[in-house]
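Trainee: dropping a prediction and its sequence here:
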Amino acid sequence: MSVKERKVSESVSETIHVVRPNHLNASGRLFGGILMQWIDEVAMLVSKRHTHKNVTTASVDQLTFLKGAYQKDVIVLSGKMTYTGRTSMEVRVDSYVEALDGTRILINRAYFTMVALDENDRPAPVPRLILETAQEREEWELAKKRRENRMK
């Protein structure tokens, strides 16, 4: 039996990477394409945890590079579900550089639209999202606006 709804907290996902020499661009900073790959992986993990299905990336609505990252930096990527439709979902992924003392500096924020897939790789219904906090409700409303803009 499939679950009809899940909380935001049930699918939160986090990954950690260390920036190595092979991750650097010609300017000595973390290559944006590498960070995009890591973000896409987190969006996939969040979506799979929410749906318990295979998923695919439909679009990247916003990808904002705020600061660079450098060799030996620890990169923490944290993703959470912000919106669900019938077969699609929006996932927000925040990327941080984490200092030795544990403080985090936001370096990137991205919004991915993901689609759940059935066993024939066709779009499949997703569980509704249970919003428990004011922040989750605010994020939902902002996601609805982004979705409306995408549909125009």
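Mentor: Arrived safely. Numbering: from 1, shown residues only.
Trainee: tell me the buried residues in the biggest helix by length in the chain?
Mentor: Determined from DSSP state H, the single longest helix within the chain is helix 32-51. Across helix 32-51, burial judged by 16 or more other C-beta atoms under 10 Å covers 34-36, 38-51. Backbone N, C-alpha and C define where each C-beta goes, glycine included.
Trainee: again with stretch 64-74
Mentor: Neighbour counts over stretch 64-74 (16+ other C-beta under 10 Å) mark 65, 68-69, 73-74 as buried.
Trainee: distance from the chain centre to that stretch, please.
Mentor: 17 Å (C-alpha atoms, centre = their mean, to the nearest Å).
Trainee: what sits up against it?
Mentor: Residues outside stretch 64-74 that contact it (C-beta atoms under 8 Å, 6 or more residues apart in numbering) are 16-21, 23-24, 28-30, 32, 35, 75, 97-98, 105-110.
Trainee: can you pull out the strands in this structure?
Mentor: Remark: strands assigned in the chain by DSSP state E are 5-7, 13-18, 54-65, 74-84, 88-98, 104-117, 128-130.
Trainee: now the longest one - C-alpha only, PDB.
Mentor: Output of strand 104-117 as PDB, limited to C-alpha atoms (Å, rounded to 0.1, in the frame of the first residue of the first chain):
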ATOM      1  CA  ARG A 104      28.500  27.000   7.600                       C
ATOM      2  CA  ILE A 105      28.600  29.700   4.900                       C
ATOM      3  CA  LEU A 106      26.000  29.400   2.100                       C
ATOM      4  CA  ILE A 107      27.600  29.200  -1.300                       C
ATOM      5  CA  ASN A 108      24.700  28.000  -3.500                       C
ATOM      6  CA  ARG A 109      21.000  27.600  -3.400                       C
ATOM      7  CA  ALA A 110      19.200  25.600  -6.100                       C
ATOM      8  CA  TYR A 111      15.600  24.600  -6.900                       C
ATOM      9  CA  PHE A 112      15.100  21.400  -8.800                       C
ATOM     10  CA  THR A 113      11.800  20.000 -10.300                       C
ATOM     11  CA  MET A 114      11.800  16.200 -10.000                       C
ATOM     12  CA  VAL A 115       9.300  13.700 -11.400                       C
ATOM     13  CA  ALA A 116       8.400  10.400  -9.900                       C
ATOM     14  CA  LEU A 117       8.500   7.400 -12.300                       C
END
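Trainee: having no further points to raise, I will conclude here.
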